[in-house]
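Chemist: Fold the stuff below for me.
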Amino acid sequence: MSENNGNRLASAVRLPADEQREQLMVHAAKLYFDLDRNQSDIAAELGLTRWQVGRLLAEAKEVGIVRIEITPRASRVTTLEVGLQHKYGLRDAVVVPAGQTLDPALLMETVAQAAARYLAGINPKRDLIGVSWGRTMSAVARFLPPSWQPGVHIVLVNGATSLRSSSARTSGVAEDFAQSAGGTATLLPVPAILGKKSTRLALEDDPMIEHVLRLAEQANVACFGMGGMTHSSVLLNSGYLTEGDIDKLREAGAVGDVLGRFVDRDGNIVDRDLDERTMGLRLGALKTKSHAIGVVAGEEKWQIARAALTAGYVSVIVTDEATAGHALGDGNG
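Modeler: Numbering: from 1, shown residues only. Predicted coordinates for the structure are as follows:
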C-alpha cells in the first residue's frame, strides 16, 4: 500500500450511526447522482474511503433516500416486469400498458409489436431460433423489422399443416420470420394433432421429421404464443378439435395450451391420449432454453399465462399489464 493511500485510510473518519449518517448519505448521493462526481472524488471531499462512500450510497438506496426509476423510451410497466421476474425467476419480462383497451385483438397487436422488438434486440444474436405458429406469432412476424438478423435459421417447433382452409395466415409463421430477417426456415410439414399415437411415432422415426425435431430441441431461443380455452381456438378453426373437444378439455381442468399441448393451472398435461397424438416439441424442452419467450395477451389467456409461468415453461414473458397483474395476484381465476 502506498504512503498516500495509507495516510488517506488513516485519516478517514468513522461513519456515524445517527442522524449525521443520514446527512452523509444525502450529501454523497447528491454528489454521485446529481453532480456526476465519481466515488474517489466524493471520498476525498468527505474525508472517507471509497469503500465507505460505496456503503453510504448502497444504504441510501436501501432505506429509500435514493430511488432509482427506470424509464424506458418504449412504453413499458417496469414495476410489473420486476414483480414477474422476482416471483417466477424469469430471465426477463416485457409488460406493455393497456390503458383502457379491452379489445383482445388490439391488445394482441400491441403485445406482438413489443415481442418483435424484444426478439430483434436479443444480444448476443442467435443463429437458430424456434417458433410456434398461430395468430399471436403471425402478428409478431408482421412487426419484425427488415433484416433484423441476416442469416438466422428459423425452425418451426410444432406441427402446423391445417386440415381446414382459412383466410387467416397463421401457419406460415416460420417463413415470415425468416423472410423478414434475411434468413432461412425449416418447416415441420405434418399435422399438429394426429389420429393415432402410432402415426406420431412413425412420423418421428422418419429421418426428415427427426431432423426438424432435433433442430427444435437444439434452438436455444424459442418464441411462442399460448391458447385460451375458447371456441375461437386456432386448433379448432384449423380442424384439429371440435367445440365439444374444447368443452371436455375445460371440464378436465385445462386452462389453455402451449405448443398445442393442453395443461391445467399447474402446467400439467390434462389429456395424455391427446398429448401422445400431438406433434412437436415437448413442453419440458422449453425449460432447457436460455430464452423461452412466451407471448400472451388478453383476459381469455390469463390462466394459461399463469400456468406457463408456474410450470417454468417461460423464461421471458411479453404481455399486457392486466395479464401481468393477474399472474402476480393471489386469486384463483
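Chemist: for this protein, which strand is longest?
Modeler: Assignment by DSSP state E gives strand 221-227 as the longest strand of the chain.
Chemist: Identify the residues contacting that strand?
Modeler: For strand 221-227, the surrounding residues in contact (C-beta atoms under 8 Å, 6 or more residues apart in numbering) are 115, 119, 122, 126, 128-132, 134-137, 140, 157, 216, 233-235, 256-260, 281, 286, 289-296, 301, 304-305, 308. No exception for glycine: its C-beta is placed from N, CA and C like everyone else's.
Chemist: For residue 286, give me its contacts.
Modeler: Here residue 286 is in contact with 222, 224, 258, 259, 292, 313, 314 (C-beta under 8 Å, 6+ apart).
Chemist: which one is the first one nearest to, not counting chain neighbours?
Modeler: It refers to residue 222. Nearest non-adjacent residue to residue 222, counting by C-beta to C-beta, 6 or more residues apart in numbering: residue 130, 4.1 Å away.
Chemist: Ok, residue 241 next?
Modeler: That would be residue 235: by C-beta to C-beta, 6+ apart, it lies 5.0 Å from residue 241.
Chemist: same for the strand or helix carrying residue 87, what does it pack against?
Modeler: Under the criterion of DSSP states H and E, residue 87 resides in helix 78-88. Applying 3 or more C-beta pairs under 8 Å, 6 or more residues apart in numbering; DSSP states H and E, one finds that helix 78-88 contacts strand 92-96, helix 302-311, helix 321-328.
Chemist: returning to what we had before: of the contacts of residue 286, which belong to strands?
Modeler: Reading strands off those with DSSP E, I get 222, 224, 258, 292.
Chemist: what ranges do the strands span in the stretch 101-250 of the chain?
Modeler: Per DSSP state E, counting those that start in this stretch, the stretch 101-250 of the chain carries strands over the ranges 128-131, 153-156, 184-186, 221-227.
Chemist: Now mean neighbour count and distance to residue 24 too, for the ones you listed, in JSON lines please.
Modeler: Formatted as JSON lines, the strands of the stretch 101-250 of the chain follow (neighbours: other C-beta atoms under 10 Å; distance: least, C-beta to C-beta, whole Å):
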{"stretch": "strand 128-131", "mean neighbour count": "25", "distance to residue 24": "50"}
{"stretch": "strand 153-156", "mean neighbour count": "25", "distance to residue 24": "55"}
{"stretch": "strand 184-186", "mean neighbour count": "17", "distance to residue 24": "60"}
{"stretch": "strand 221-227", "mean neighbour count": "27", "distance to residue 24": "47"}
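Chemist: among those, which is nearest residue 107?
Modeler: strand 221-227 (12.9 Å; C-beta to C-beta).
Chemist: Check which strands are paired with that closest one and give the direction for each one.
Modeler: Strand pairing for strand 221-227, determined by DSSP bridges: strand 128-131 (parallel), strand 256-258 (antiparallel), strand 291-295 (parallel).
Chemist: how far off helix 302-311 does that strand point, in degrees?
Modeler: On the basis of axes from the mean of the first three to the mean of the last three C-alpha atoms, to 10 degrees, strand 221-227 is oriented at 140 degrees to helix 302-311.
Chemist: Please state the offset of strand 221-227 from the chain centre?
Modeler: How far strand 221-227 lies from its chain's middle: 9 Å, per C-alpha atoms, centre = their mean, to the nearest Å.
Chemist: mind exporting it as CSV, just the C-alpha atoms?
Modeler: Only the C-alpha atoms of strand 221-227 are listed here, as CSV (Å, rounded to 0.1, in the frame of the first residue of the first chain):
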residue,chain,number,x,y,z
VAL,A,221,-34.2,-19.4,-28.3
ALA,A,222,-37.9,-20.3,-28.7
CYS,A,223,-40.7,-17.8,-29.2
PHE,A,224,-44.3,-19.0,-28.9
GLY,A,225,-47.8,-18.0,-28.2
MET,A,226,-50.4,-19.5,-25.9
GLY,A,227,-54.0,-20.5,-26.5
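Chemist: average pLDDT for it?
Modeler: Taken as a whole, strand 221-227 carries a mean pLDDT of 97.
Chemist: Likewise for stretch 142-156?
Modeler: Mean predicted confidence for stretch 142-156 is 95.
Chemist: Now do stretch 201-208: distance to the chain's middle.
Modeler: Centroid separation between stretch 201-208 and its chain, computed with C-alpha atoms, centre = their mean, is 31 Å.
Chemist: buried set for that stretch?
Modeler: Buried residues in stretch 201-208, counted by 16 or more other C-beta atoms under 10 Å: residue 203.
Chemist: what does stretch 140-155 give?
Modeler: Of the residues in stretch 140-155, 140, 141, 143, 144, 148, 149, 152, 153, 154, 155 count as buried by neighbour count, 16+ other C-beta under 10 Å.
Chemist: hang on, the earlier thing: of the contacts of strand 221-227, select the buried ones using a PyMOL command.
Modeler: Selecting the buried subset of these in PyMOL, with 16+ other C-beta under 10 Å as the burial test, is done by:
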select buried, resi 115+119+122+126+128+129+130+131+132+134+135+136+137+140+157+216+233+234+235+256+257+258+259+260+281+286+289+291+292+293+294+295+296+301+304+305+308
